[in-house]
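Colleague: have a look at this fold, sequence not included:
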């Protein structure tokens, strides 16, 4: 069985120990733990993790800049940010610089839900965005008119359907079931969407869609797939 290789980085040892107890199952392997910025950067470069769970507070740099350098050091690793805030600007800054998901430190989240989130993030590439931030994005786009201009017009009808389901946080498996296509085909569409929109990650592509009016309150609340012509 393939195990997800994880680096934990936090300035508080108690938090690290708590995370280690969560990810002690057969599906996960803790390959490193860091308490300062220099150590997590070194581990990201040398250990080649699948997932890095980190609190930006261990860095003296700006949050966004720290995430950017960590993504660069970790190459293909997914970066999950631990935070005690759901501040919109903070979350968007992290996403814009490469964050793939978020865990609330003071949130009442069950351990199995955290494990499932990391598993889905790594294996299915879902967007792990905090619900309050997702709601805020939807509300901000309430009065936006659907945009079919810019890079979005380069998407094929099928890619637009996939993009809508990405915004609804469907996994590749769920998108495949909804559209009656294989996961391999979904992955191909997602890669094409990111390339055409010039977005480096799934999370940033979804954020881009809300901020530019590709999605709005009416469309994102619909249960059916809506074409973005």
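Modeller: Received, thanks. The structure displayed is predicted, hence computed values, not measured ones.
Colleague: residues contacting the residue nearest to residue 34 when sequence neighbours are not counted?
Modeller: Leaving aside its chain neighbours, residue 34 sits nearest to residue 40 (3.8 Å; criterion: C-beta to C-beta, 6 or more residues apart in numbering). Heads up, the C-betas are built off the backbone N, CA and C, glycines and all. If a contact means C-beta atoms under 8 Å, 6 or more residues apart in numbering, then residue 40 has 7, 9, 32, 34, 52, 54, 58, 70 as its contacts.
Colleague: may I ask which helix or strand encompasses residue 40?
Modeller: Residue 40 is part of helix 37-47, with elements assigned from DSSP states H and E.
Colleague: give me the distance from that helix to the chain's centre.
Modeller: Centre-to-centre, helix 37-47 and its host chain are 21 Å apart (C-alpha atoms, centre = their mean, to the nearest Å).
Colleague: report the buried residues of that helix.
Modeller: Residues 37, 40, 41, 43, 44 are the ones in helix 37-47 that count as buried (16 or more other C-beta atoms under 10 Å).
Colleague: cool, stretch 100-119 as well?
Modeller: 100, 101, 102, 103, 104, 114, 115, 117, 118.
Colleague: can you get me a residue count around residue 174?
Modeller: 17 (other C-beta atoms under 10 Å).
Colleague: would you quantify the distance from residue 27 to residue 2?
Modeller: 8 Å (C-beta to C-beta, to the nearest Å).
Colleague: more neighbours: which of those two?
Modeller: The neighbour count for residue 27 versus residue 2, taken as other C-beta under 10 Å, is higher for residue 27 (14 against 9).
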